[in-house]
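Undergrad: Build me a model from this:
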Amino acid sequence: MTGKLPKYCRNTGNLIDPRFNINGFNPQRDYPKRTYAETYAITWTSPKEQGFELPTGGAALMNEGDNIMYFARKEQCLALGTQFKTDLKPKIKDYKIY
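TA: Have a look, this model is predicted:
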């Protein structure tokens with residue numbers, strides 16, 4: 001998985017963990033008392049820099065080229081994927097959820 005994190009335009013309601021911006025996410029380091037941490041990633045390629053709405057609230061600017069974003073729930077990745085297919089112009093069809 002490669003790509004850059006989008007630039008945040010508005011407040012995300014603190015629903016996106018700020019530790020994603022520092023050396024990636026490590027569940028064993030960040031949540032040592034949990035037996036597992038549910039983490040999903042979505043990657044996509046954008047033909048241009050454009051704004052989009054975050055499924056957790058707020059907005060962000062995706063980078064031209066490869067992008068990556070992390071969420072705590074798979075439904076959030078699916079919601080963003082649906083937005084890529086319907087709301088954005090040009091439509092983004094080459095996204096992957098991990």
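Undergrad: Next, count neighbours for the residue nearest to G81 when sequence neighbours are not counted.
TA: Leaving aside its chain neighbours, G81 sits nearest to Y95 (5.4 Å; criterion: CB to CB, 6 or more residues apart in numbering). The way it works is simple: take the backbone N, C-alpha and C, and place the C-beta from them, glycine included. Residues within reach of Y95, counting by other CB atoms under 10 Å, total 17.
Undergrad: again with P47
TA: Per other CB under 10 Å, the neighbour tally for P47 reads 9.
Undergrad: Check G57 too.
TA: So G57, with other CB under 10 Å, has 13 neighbours.
Undergrad: A79 versus that one, what's the distance?
TA: Taking CB to CB, to the nearest Å as the measure, G57 falls 12 Å from A79.
Undergrad: Find me whatever residue is spatially closest to D94, sequence neighbours aside.
TA: In this structure, D94 finds its nearest non-sequential neighbour in T45, 5.5 Å apart by CB to CB, 6+ apart.
Undergrad: what kind of secondary structure is the one you found in?
TA: strand (DSSP: H, G, I helix; E, B strand; the rest coil).
Undergrad: is it true that D94 touches W44?
TA: Yes - counting by CB atoms under 8 Å, W44 is a contact partner of D94 at 6.4 Å.
Undergrad: So which of those two has more stuff around it?
TA: Each of D94 and W44 has its neighbours counted (other CB under 10 Å); W44 has more, 20 against 9.
Undergrad: Could you give the bridge partners of the more buried one?
TA: N67 (DSSP bridges).
Undergrad: Tell me which residues touch it, please.
TA: W44 sits next to G3, M62, D66, N67, F84, I92, D94, Y95, K96 when contact means CB atoms under 8 Å, 6 or more residues apart in numbering.
Undergrad: Go through those and say which is closest to Y40.
TA: The closest of the contacts of W44 to Y40 turns out to be K96 (CB to CB; 10.9 Å).
Undergrad: ok, the residue nearest to that closest one when sequence neighbours are not counted to R73 distance?
TA: Spatial nearest neighbour of K96, excluding adjacent residues (CB to CB, 6+ apart): T43 at 5.2 Å. Using CB to CB, one gets 17 Å for the distance from T43 to R73.
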